[in-house]
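From the sequence below, what's the structure:
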Amino acid sequence: MRSGAAEVPCRSEARSWILAATILGSSMAFIDGTVVNVALPALQAGFHATVVDVQWVVESYGLFLGALILVGGSLGDRFGRRLMFVVGVAIFALSSAFCGFALNIHQLIIARSVQGVGAALLVPGSLAIISTSFDEKSRGQAIGTWSGFTAITTAIGPVFGGWLVEHASWRWVFFLNLPLAGAVVAISFWRIPESRNANSGPLDWIGAVLATVGLGGLVVGFIESVNLGWRDPLVVGSLIAGIVSLLAFVLWESKVRAPMLPLALFKSPAFSGANLLTLFLYAALGVFFFLFPMNLIQVQGYSGTATGAAILPFVLLMFFLSRWSGGLVARYGARGPLIIGPLISAAGFVLFGVPSIGDSYWKAFFPAVIVLGFGLAVTVAPLTTSVMGSVDQDRAGTASGINNAVARVAGVLAVAVLGVVMIKTFGSRLSHNLSHLRLPPAILQQLQANEIKLAGLQIPSGLDAATTAAIKVSVGDAFLFAFRMVMLLCAGFSLASAAISGFIIPKDPGSGGRIRPSGTGSHA
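Numbering: from 1, shown residues only. The predicted model follows:
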């Protein structure tokens with residue numbers, strides 16, 4: 001979102017329609033980021049897929065969204081914000097239809113990749129449209145309305161999506177986007193005025209390609225290492241290509257005239273610290289939301305609806321406490337809440353590792369949901385304030401876009417890296433558990449060969465009831481053991497976020513040195 005002066009604001013009667021279109025459009029992208037996680041166990045069962053396969057369902061979307069979101073904002077500035085927003089919605093809708101009609105897991109992964117491209121256009125476009133359609137007096141209220149309603153839809157999404165998965169099919173999670181997209185496109189052409197920036201700089205296509213190849217190489221290397229091993233040429237080559245591309249990306253961004261990632265912003269300790277905090281904290285959140293629905297559905301026996309509802313208090317707590325946490329900055333500054341909030345979040349992750357199979361939700365999971373939600377509520381508003389306050393106003397849009405991209409990339413990398421930890425730990429524990437059951441060698445080999453499915457592992461047929469029950473207990477125990485290990489790592493990431501806040505972020509964001517523009521426009 002370009003943060004310069006807005007163009008001529010729209011007429012007052014069109015503003016409610018503009019808000020409706022941007023809220024519905026953004027909500028599609030935000031909901032898909034959470035609802036699909038609830039649908040993953042159903043996807044795994046329906047396609048007889050491994051955890052690596054469902055990792056790609058999540059990663060393919062997040063990879064293209066995180067790598068291209070800054071380019072999406074630039075395209076809107078250059079060719080028209082309404083045009084790029086509508087193009088993004090159309091791409092998102094068409095790819096959602098292909099997701100719903102996918103005949104196998106590979107088709108679904110490809111369609112999800114295209115969805116990520118569409119989201120990279122519509123997400124920055126929605127805020128850019130609000131920024132240029134509302135005058136300075138009403139813009140803050142409009143953005144607040146957008147934030148509030150997108151938070152509500154994001155909260156309702158997993159519950160409704162879980163109900164669809166349980167009572168209809170996981171395919172309807174994607175088909176639901178089609179009528180919403182149709183309404184957004186119609187309202188956009190009817191009520192949203194076109195706007196663009198005539199002074200926008202050239203598009204940084206080389207930077208976008210290097211970022212995408214770099215992130216993609218790392219993700220491919222880590223995920224496929226589970227199947228192929230660390231010495232496989234594809235794994236080694238992907239990791240090398242990813243590292244080299246990211247190094248080339250940094251070098252390119254330091255020399256290009258109009259970079260998508262202005263490195264000069266990172267000279268501010270407040271900006272660098274806030275983004276490093278974001279990287280660690282959102283990495284923990286990304287892998288948590290990937291694994292927690294699997295725990296509830298495949299191990300604890302929750303329905304899809306109940307799984308969506310289990311996460312609801314987390315989102316509602318963040319929504320209702322957002323204004324209060326914003327006031328903490330005015331009273332105590334940003335650094336204090338940015339230390340305390342991640343510490344509380346770390347405690348929440350530890351609590352998620354406590355429950356055993358069959359424990360009551362209200363006694364076992366609800367306290368963890370509340371603690372984690374409260375920790376994030378304390379953190380998010382001060383984090384945004386620290387990011388925006390660390391740069392000159394003319395760079396505020398760029399700073400916000402970079403922080404958004406960092407948060408999404410953090411989740412992508414965390415699912416790839418900690419997914420390996422989860423699978424390896426699960427396999428080790430399962431082998432230990434099965435060694436005590438005295439199973440026939442053929443059965444034992446079949447179970448170990450399918451351990452990559454985690455708790456979705458299917459028990460071989462033809463076994464007696466007692467042996468089948470014992471294997472199920474062993475699988476559940478192995479999953480919980482690995483899940484607890486990952487939750488402890490997530491807690492460690494949160495503690496690292498708190499340490500970053502204490503050592504890097506200054507008490508007064510202004511003391512970190514504002515980074516002023518160097519003559520080029522800013523966008524996100």
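
ok, the spatially closest residue to N197 that is not a sequence neighbour - how many residues close by?
When the adjacent residues along the chain are set aside, N197 lies closest to D77, with 4.3 Å between them (CB to CB, 6 or more residues apart in numbering). Quick note: C-beta positions are derived from backbone N, CA and C, even for glycine. Neighbouring residues of D77 were enumerated by other CB atoms under 10 Å; the total is 29.

Just the buried positions in the helix or strand encompassing D77, please.
D77 belongs to helix 51-79 when elements are defined using DSSP states H and E. Within helix 51-79, the residues that qualify as buried by neighbour count (16 or more other CB atoms under 10 Å) are 51-78.

that older thread, make sure the residue nearest to N197 is actually in contact with P202.
No - at 11.4 Å, D77 does not count as touching P202 under the criterion of CB atoms under 8 Å.

Mind giving me the packing neighbours of the helix holding D77?
Under the contact criterion of 3 or more CB pairs under 8 Å, 6 or more residues apart in numbering; DSSP states H and E, helix 51-79 touches helix 12-47, helix 81-101, helix 105-133, helix 205-228, helix 269-294, helix 396-434.

Kindly calculate the angle that it makes with helix 205-228.
180 degrees (axes from the mean of the first three to the mean of the last three CA atoms, to 10 degrees).

what is the orientation angle of helix 51-79 with helix 105-133?
With the same axes, to 10 degrees as the basis, helix 51-79 and helix 105-133 are set at 30 degrees to each other.

Centre of the chain to helix 51-79, how far?
With CA atoms, centre = their mean, to the nearest Å as the basis, helix 51-79 stands 10 Å off its chain's centre.

again with stretch 154-170
18 Å.

residues of it that come out buried?
Within stretch 154-170, the residues that qualify as buried are 154-166, 170, counting by 16+ other CB under 10 Å.

Kindly indicate which of the residues you listed lies nearest A465.
Each of the buried residues of stretch 154-170 was scored against A465 by CB to CB, and E166 proved nearest at 27.0 Å.

I'd say that closest one and G308 touch.
No - taking CB under 8 Å as the contact criterion, E166 and G308 are not neighbours in contact, 9.3 Å apart.

Quick check: A364 touching F352?
No - in this structure A364 lies outside contact range of F352 using CB under 8 Å: 9.1 Å.

M388 and R196, how far apart?
Noted for M388: a distance of 24 Å to R196, by CB to CB, to the nearest Å.

swap in S169?
Distance of S169 to R196, computed by CB to CB: 41 Å.

Straight-line length of stretch 297-313, end to end?
Chord length of stretch 297-313, first to last residue, is 18 Å (CA to CA, to the nearest Å).

what is the mean pLDDT for that stretch?
Mean pLDDT, taken over the full extent of stretch 297-313, equals 90.

If you count neighbours, what's buried in stretch 264-271?
Residues of stretch 264-271 classed as buried: 264-266, 268-271 (neighbour count, 16+ other CB under 10 Å).

Adding distance to P337 and pLDDT, write the residues you listed out as JSON lines.
Shown next, in JSON lines, are the buried residues of stretch 264-271 (distance: CB to CB, whole Å; pLDDT from 0 to 100):
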{"residue": "A264", "distance to P337": "27", "pLDDT": "86"}
{"residue": "L265", "distance to P337": "22", "pLDDT": "85"}
{"residue": "F266", "distance to P337": "22", "pLDDT": "87"}
{"residue": "S268", "distance to P337": "19", "pLDDT": "86"}
{"residue": "P269", "distance to P337": "17", "pLDDT": "89"}
{"residue": "A270", "distance to P337": "14", "pLDDT": "87"}
{"residue": "F271", "distance to P337": "17", "pLDDT": "89"}
